[in-house]
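K.L.:
Please work out how this folds:
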Amino acid sequence: MADGGVAPVRIDKWLWAARFFKTRGLAADAVKGGRVHVNGRAAKPSKDVVPGDRLEIGKGELELEVIVRGTAERRGPASVASQLYEETAASMTARERLREERRLIQPVMGEQGGRPTKRDRRRFEREAEARRRRA
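P.N.:
Sure thing, here's the model as predicted:
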């Protein structure tokens, strides 16, 4: 029922079909690990979802909150998968805020242009040694 069906589907299958996870095994592991909640409660991979259920999905730093709009047993194109759910406004603003924070964070090495040269490495070591002596 890739056209937004209403039959209950296992949550691990639905997460895979809706393209939140690359494989069904990864989806099942996320559910087992407590990173997926259905209507505010932790779920097992065999839990059935139906349209109208609210899912909270944790993927790394990202916390998505979606409402199930349809079910599908099989994985289809991304255009069909996006019709299976609706992301809440709060989830979208949190995702945008995280994207903006990531954009503003500067790389650790800064503008040095990648791997340090032998001269740079020796300079770093001399500076570190001088700091150790002062401490």
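
K.L.:
for this protein, which residue is closest to the average position?
P.N.:
Centrality entry for the chain: nearest residue to the mean C-alpha point is K59, 2.9 Å, by CA atoms, centre = their mean.

K.L.:
So what pairs up with that residue in the strands?
P.N.:
Going by DSSP bridges, K59 is paired in beta bridges with L62.

K.L.:
OK, contacts around it?
P.N.:
The neighbourhood of K59, defined by CB atoms under 8 Å, 6 or more residues apart in numbering, consists of F20, A30, R35. For every residue, glycine as well, the C-beta is placed using N, CA and C.

K.L.:
how about the second one, secondary structure?
P.N.:
Three-state call for A30 (DSSP: H, G, I helix; E, B strand; the rest coil): helix.

K.L.:
can you count the residues close to it?
P.N.:
20 (other CB atoms under 10 Å).

K.L.:
which residues in the protein form helices?
P.N.:
In the chain, helices defined by DSSP state H lie at 11-17, 24-32, 78-81, 89-104, 118-134, listed in chain order.

K.L.:
Pull the residues that contact the fourth one.
P.N.:
By that I understand helix 89-104. The contact list for helix 89-104 (CB under 8 Å, 6+ apart) reads E61, L62, E63, L64, E65, V66, E87.
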